[in-house]
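A.B. asks: Any chance you can model this:
(2 chains)
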Amino acid sequence: AQTVTQSQPEMSVQEAETVTLSCTYDTSESDYYLFWYKQPPSRQMILVIRQEAYKQQNATENRFSVNFQKAAKSFSLKISDSQLGDAAMYFCAYRSSDGAQKLVFGQGTRLTINP
Amino acid sequence: KAGVTQTPRYLIKTRGQQVTLSCSPISGHRSVSWYQQTPGQGLQFLFEYFSETQRNKGNFPGRFSGRQFSNSRSEMNVSTLELGDSALYLCASNRGLGGANYGYTFGSGTRLTVV
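C.D. replies: Predicted coordinates for the structure are as follows:
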């Protein structure tokens, strides 16, 4: 079974600075999808960015980018120019391409933005 | 367009009772998944429905069940509630047929408290 590990329960960063959240996963599959979700106090999980394992190019969405290292099974999220609205729980998630139709989540990292 | 709608937002039940939670997916989305979120276990997959059929089920006891209607709305039911069922229950939808590869859209969840 696949597992996802987020080793940083909490992180903090100064507004306008850059922060990197770590995620590692364990799988024997070669084709899969990885996601970062944000969960603010409103509780709704919001998709931040996605990565397809067969694409070597790292995904980027505005201030959010990933560092995908397939061999190391690492999928870190970099947030540039941090804003107060970025404060939330961040979850790394794995989805197999085998049609299992489920996300396997890490334990989450609580990100605090200091003004 | 309207997002994923979960009702009710909050629910308090007594041990031994049963509860039904509702999820209305985004219009056009045919796949609905359910997740349980607790501080101790994190986010865990319950089950997934597509076109009124359960395609996948997580490792939960039979007290947890669900169904999907022809309009793609889904309900999950928990019978004989236990204190440990207290959690945030999240519903997620996608259009199905490969749509999950692009991520899921989540609702804001139902906070269930069992006393």
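
A.B. asks: Secondary structure element holding the residue nearest the centre of chain B?
C.D. replies: Centroid check for chain B by CA atoms, centre = their mean gives B:Trp34 as the closest residue, at 3.1 Å. Applying DSSP states H and E as the criterion places B:Trp34 in strand B:31-38.

A.B. asks: which is the next helix or strand following that strand?
C.D. replies: Downstream of strand B:31-38 (by DSSP H and E), the next one is strand B:42-50.

A.B. asks: Report all helices and strands that that next one contacts.
C.D. replies: In terms of contacts (3 or more CB pairs under 8 Å, 6 or more residues apart in numbering or on different chains; DSSP states H and E), strand B:42-50 is packed against strand A:103-105, strand B:31-38, strand B:53-57, strand B:64-68, strand B:74-78. Where you see a C-beta, it was placed from the backbone N, CA and C, and this is true even at glycine.

A.B. asks: Write out the residues of chain A neighbouring chain B.
C.D. replies: A:33, A:35, A:37, A:42-47, A:50, A:52, A:91, A:95, A:97, A:100-108 (CB under 8 Å from any CB of the partner chain).

A.B. asks: could you redo the last one with a cut-off of 6 Å?
C.D. replies: Residues of chain A lying close to chain B (CB under 6 Å from any CB of the partner chain) are A:Tyr33, A:Phe35, A:Arg43, A:Gln44, A:Met45, A:Leu47, A:Arg50, A:Ala100, A:Gln101, A:Lys102, A:Phe105, A:Gln107.

A.B. asks: Against A:Leu47, how distant is the first one?
C.D. replies: A:Tyr33 sits 11 Å away from A:Leu47 when distances are taken as CB to CB, to the nearest Å.

A.B. asks: Kindly export the helix or strand bottoming out on mean pLDDT in chain B (C-alpha atoms) in CSV.
C.D. replies: Using mean pLDDT, DSSP states H and E, the weakest-scoring helix or strand in chain B turns out to be strand B:53-57, at a mean of 91. Output of strand B:53-57 as CSV, limited to C-alpha atoms (Å, rounded to 0.1, in the frame of the first residue of the first chain):
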residue,chain,number,x,y,z
THR,B,53,-22.2,2.2,-8.2
GLN,B,54,-19.6,1.8,-5.4
ARG,B,55,-16.3,1.4,-7.1
ASN,B,56,-13.9,1.5,-4.2
LYS,B,57,-14.2,1.1,-0.4
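
A.B. asks: got the contact list for it?
C.D. replies: By CB atoms under 6 Å, 6 or more residues apart in numbering or on different chains, the surrounding residues in contact with strand B:53-57 are A:Ala100, A:Gln101, A:Lys102, B:Phe47, B:Glu48.

A.B. asks: Quick one: buried ones out of these?
C.D. replies: Buried by 16 or more other CB atoms under 10 Å in any protein chain shown: A:Gln101, A:Lys102, B:Phe47, B:Glu48, out of those.

A.B. asks: Please, which helix or strand holds residue 11?
C.D. replies: Since no chain was named, I'll use chain A. Assigned by DSSP H and E, A:Met11 belongs to strand A:10-14.

A.B. asks: other chain: chain B
C.D. replies: Going by DSSP H and E, B:Leu11 is part of strand B:10-13.

A.B. asks: who touches that strand?
C.D. replies: So strand B:10-13 is contacted by B:Val19, B:Leu81, B:Arg111, B:Leu112, B:Thr113, B:Val114 (CB under 6 Å, 6+ apart).

A.B. asks: Could you spell out the sheet neighbours of it, each with its direction?
C.D. replies: strand B:110-114 (parallel) (DSSP bridges).
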